[in-house]
Each structure stands twice: as C-alpha cells, then as structure tokens.
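**Q** Just to be clear, the model below is a prediction. Sequence and coordinates:
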Amino acid sequence: MQPQQCQPHSPPVKVAASILNSDLAELHSECNRMISAGSDFLHLDVMDGHFVPNLTFGHPVVQCLRPKLPGVLLEVHMMVSKPRQWVQPMASAGANQYTFHLEPFCQIGSTGGGSDSSSPVVGNVDTEACSECIRHIRENRMRVGLGISPDTPVHLVFPFVESVDQILVMTVHPGFGGQSFMSDMMPKVKSLRDRYATLDIEVDGGVTPDNVAQCASAGANVLVSGTALIKSPDPAAVVARLKSVYKS
Ligand SMILES: O=C(CO)[C@@H](O)[C@H](O)COP(=O)(O)O
Ligand SMILES: [Fe+2]
C-alpha cells in the first residue's frame, strides 16, 4: 500500500482499542490482548441507555480494571446524558481521559435522525455549562476529550478546542460497535485539522484498515478501532496496517 499523504505536522498517530465488542466475560484478558497487539491505549465505551439506546458499564468496571492494567491509559467515552455527574467517580476509579459529548449541552432540534438525545443538534450550546464540565474534568486531573455525533455541525466545538486535549469526531451514530464507517464525516476532520495543526483529532466508529487512509488524509491522528481489532485473529497486524498509512 502506498504511504497515504496525510496532513503535514499532525501529531503522532495513536491507536485506541475499543473493547465494546470484546468478550466482556474476559474483559481483563481482552484488554491485555489489545495492549499486547500494540494499541496505544484503551477506549472504554460508557453508555447510559438515555443518550444512546444501549447500556454498557460504568466506573465500577473501570475501578476493577485499573489495578490490573498498570501504566495503560484508559479513555472513557462517555455516551451519557449527564456527563458532569460521572467525572469524579470516573477519576476516582482511575480513568485517565474523559471524553464526553457536546450534545447534552445543546438544544436538541427536531431535525429527524435518531430518536435519542445523541441525535441531531441545531446549535444553541450552553457554553458555560460545557466549559464548567471541562474545568471539572481538569480539576479531577484527567485529560479532556470532547465529542460530536454525526449530525452535529463541527463548528459548534470550535469555541472549546483551546481548552480540551482532543476532539472526537464520531464516524458512526453512537451506541453500538460493528457499524459501517461514515466517510461523509471526513470534511469535519479536515475542517478541524486545517484550523488546529497540533490538536489530537480522534475518529471513532467503523475504523478499519480499509478506510484508515481517508482518516489520515483528512487529518485524524487518533484512531479508535473496535471490531476490526477485537475480531481479528491477528490484531497486531491490524494495528500495524492502521499505522502504516501514516508512515511518510
Ligand atoms: O463509541 C463507539 C460506538 O458508539 C465506538 O467506540 C465503537 O464501539 C467502536 O467500535 P467499532 O465501530 O470499531 O466496531
Ligand atoms: Fe467510542
């Protein structure tokens, strides 16, 4: 595969394994398997059944995993309607990065799309409440990620970029692993990279070696991959293929 021309000066590529579709009965060993395969960190998808129509796990699971994964960065992807509520419990449990969504701080418009609150947003962001959540995450000594669902315009995160560590552009409608990658999210990624040369830009949902070139050329440098890694007989080869497009 020809090295993909990716954006100049982008920060280094990182692969985060999403364990959502792993054998949750063997979660600890699945996490170790993903780290041994070369994943840079773990992406734990927390869902509350309100923000998205699915329910997964919360801070008690993080608390159990933490001592068994020394030195591993744990990102919690908070697909929850009240992101501020879980900041302190997750920090106490040992999460290192708290990635929450903008949508709970927005006036949800009736613009079709999904029926849950992760569905389309027409704007009117409660800037102060979102900024306060960011401050609260910082006070709890975690890295800050801010995510947008597919129907949320990218410009809504611009006011927050300088105060967070990472912006997450969802490339599926949040709620489930194993969905198909949404290529039409790449203009959002490019719009962010064109403005913010050193920002960590994360893509999450359906990312595989078959579509990673699009992510690289748009400017994403943090790749969340779940099914493509978890279900592979050789996850190390998948990690290598994901990273290979970034080698100049
Ligand atoms: O947040 C989500 C889904 O809501 C993602 O983290 C997916 O769980 C990633 O899994 P794949 O789409 O790569 O299988
Ligand atoms: Fe996720």
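**A** Thanks, I have the structure now. Numbers count the residues shown, from 1 in each chain. Ligands and ions are numbered 1, 2, ... in the order given.
**Q** now the residue nearest to V52 when sequence neighbours are not counted, what's its secondary structure?
**A** Closest residue to V52 apart from its sequence neighbours, by Cβ to Cβ, 6 or more residues apart in numbering: G175 at 3.6 Å. No exception for glycine: its C-beta is placed from N, CA and C like everyone else's. Recorded secondary structure, G175: coil (DSSP: H, G, I helix; E, B strand; the rest coil).
**Q** Against ligand 2, how distant is G175?
**A** 10 Å (Cβ to the ion, to the nearest Å).
**Q** likewise D204?
**A** 4 Å.
**Q** Can you report how many residues lie near the nearest residue to that residue once chain neighbours are set aside?
**A** Leaving aside its chain neighbours, D204 sits nearest to V224 (3.8 Å; criterion: Cβ to Cβ, 6+ apart). Neighbour count for V224, taken as other Cβ atoms under 10 Å: 29.
**Q** Which strands and helices lie in contact with the helix or strand that contains V224?
**A** Element membership of V224 [criterion: DSSP states H and E] is strand 222-225. The contact analysis (3 or more Cβ pairs under 8 Å, 6 or more residues apart in numbering; DSSP states H and E) places strand 222-225 against strand 14-18, strand 200-204, helix 235-244.
**Q** returning to what we had before: quick check: the residue nearest to V52 touching P53?
**A** Yes. With contact defined as Cβ atoms under 8 Å, G175 reaches P53; the gap is 5.6 Å.
**Q** what about those two, which has more around it?
**A** With neighbours defined as other Cβ under 10 Å, G175 and P53 compare such that G175 has more, 22 against 15.
**Q** so who does the residue in the chain that ligand 2 sits nearest to touch?
**A** Proximity of the chain to ligand 2 (Cβ to the ion) peaks at H77, 3.7 Å away. Applying Cβ atoms under 8 Å, 6 or more residues apart in numbering to H77 gives the contacts S18, H43, L44, D45, V46, T99, G145, G147, L168, D204, V224.
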